[in-house]
Each structure stands twice: as C-alpha cells, then as structure tokens.
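K.L.:
test case, fold it:
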Amino acid sequence: MDREEFDLLYRGYEEDRQRLIDDAKAEIDPEFDARLQRAIQGNAERVKLLRSSDYSVADLQRLEFRELEILNDKKGQIEAEREQAISDQIATPDQRLQEVVFGAGGLAAAEQRLADQEKIKIDQQEQANLTENEKKVDIADDFSTVSHQDHFSPDDFDYSSISEEYDSLGEDFAGQAEGTGREMPDSGIEPD
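P.N.:
Numbering: from 1, shown residues only. Predicted structure coming up:
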C-alpha cells in the first residue's frame, strides 16, 4: 500500500468512524443532556435561594460567582463523561472497522507498515544515489589514472637517443646546404 492508497482508505475510515460517533451520540446524548439540564436547573434554584436570603451585595456576588464556578465544573465533568461514554461505546466497533479497512492490527499497524515501506524506498533511493556517486568517482579515478599515465617527467625520457638523431640530422642538413651553395645557419649546437 502506498501513501495515496492509504490516504484514500483513511478518508473512508474517518467517514465511517464519524457515523459510529454520531450513532453513539444519538444514543448517549439524551442521558447526558438531561444531567446537564438538572445541573443548570439546580444552579438556578440555588442562586434564586441566595438572592432571597439576607446577604450583603458583596457576599451575594461572591456566592453567585462560587455557584457559577460549581456549575462550570459540573458541565465540564458531564462533557468529559459524555466523551468517555462515546469512546467506550465505539471502541469495539471502531477496532473492527479498522481491521476491515486496514487489515490485521488496524490503523496503527497500517501506519507502521506504510512508514516502513516509505523508509525502505528512501533507503533504496539513497543507496542508488550512493552507487551512482561511486560510479562517478570510479570514472573520475580512472580518468585521473589515465591522465597521470599520459604525463611524463623529464627523468622518464632518454636524451641520448635524441642527441644522436639530432646530430645526424644536422649533418644531413649541412650536406644538403653544401649542394645548394648556401651555407647552413649556425644552430649554436656543437657536435660531439
């Protein structure tokens, strides 16, 4: 499975999972909505009782604020319990859905398999790049070796054979010059 196929499956899974959540909410929400309404109504009754009592304005404000904090805490607790109840209710169907969509191990295993495949592809690409770079280095080394072999140093050369050939050429030119009536220009090299 590649990334594109995984993303397509994941979008379908998310849609199906949202249906599970919506179904669970439809079943669970009435109970929690009733609890929330009872908490709000209880708060309103307590605040009404406080206002009918003989408290100073400052004390009344402090007590009303305290009741508001209690109500907000109660709302938060009810919402957290609602979310937990929904999670608990969809846990088993969600796991089955994941296994149907993603195979054994569900979503987590599919994500791990995909990550492993992507890492293998990256490693293979890096290895191919290294191999290509090694080939380039080998070619450069071969060229460098050939280049060094084509160069020679003065010590590699036998000057004695050139000197003998040059001397014989000089004699040939001198002989040719005698036949033409022209003098051979002085090369500045003294024959041995």
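
K.L.:
give me the domain ranges for this structure.
P.N.:
Recorded structural domains for the chain (assignment: automatic domain parsing) are 3-103, 107-178.

K.L.:
what's the average pLDDT for the shortest one?
P.N.:
Domain 107-178 carries an average pLDDT of 71.

K.L.:
same check, this time on stretch 92-100
P.N.:
Averaged across stretch 92-100, pLDDT comes to 93.

K.L.:
which positions in that stretch come out as buried?
P.N.:
94, 97-98 (16 or more other C-beta atoms under 10 Å). To be clear about C-beta, it is placed using only N, CA and C from the backbone, and glycine gets the same treatment.

K.L.:
quick one, phi psi at residue 54?
P.N.:
phi -100, psi 60 (degrees, to the nearest 10).

K.L.:
oh sorry, the question was meant for residue 53
P.N.:
Backbone dihedrals for residue 53, given as degrees, to the nearest 10, come out at phi -80, psi 170.

K.L.:
returning to that earlier point: looking at the domains of the chain, which is buried most?
P.N.:
Mean neighbour count (mean count of other C-beta atoms under 10 Å) peaks for domain 3-103 among those, with a mean of 13.

K.L.:
end-to-end on that one?
P.N.:
The first and last residues of domain 3-103 sit 16 Å apart, counting by C-alpha to C-alpha, to the nearest Å.

K.L.:
re earlier: of the buried residues of stretch 92-100, which is the nearest to residue 79?
P.N.:
Nearest to residue 79 among those is residue 94, at 20.4 Å by C-beta to C-beta.

K.L.:
after whichever strand or helix holds that closest one, next one along is what?
P.N.:
Element membership of residue 94 [criterion: DSSP states H and E] is helix 57-102. Once helix 57-102 ends, the next helix or strand along the chain (criterion: DSSP H and E) is helix 106-150.

K.L.:
got the angle for that next one vs helix 57-102?
P.N.:
Note on geometry: by axes from the mean of the first three to the mean of the last three C-alpha atoms, to 10 degrees, helix 106-150 and helix 57-102 are set 70 degrees apart in direction.

K.L.:
what is helix 106-150 packed up against?
P.N.:
helix 3-52, helix 57-102 (3 or more C-beta pairs under 8 Å, 6 or more residues apart in numbering; DSSP states H and E).

K.L.:
kindly reformat those as TSV containing distance to residue 135.
P.N.:
Below are the helices and strands packed on helix 106-150 laid out as TSV (distance: least, C-beta to C-beta, whole Å):
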stretch	distance to residue 135
helix 3-52	30
helix 57-102	41
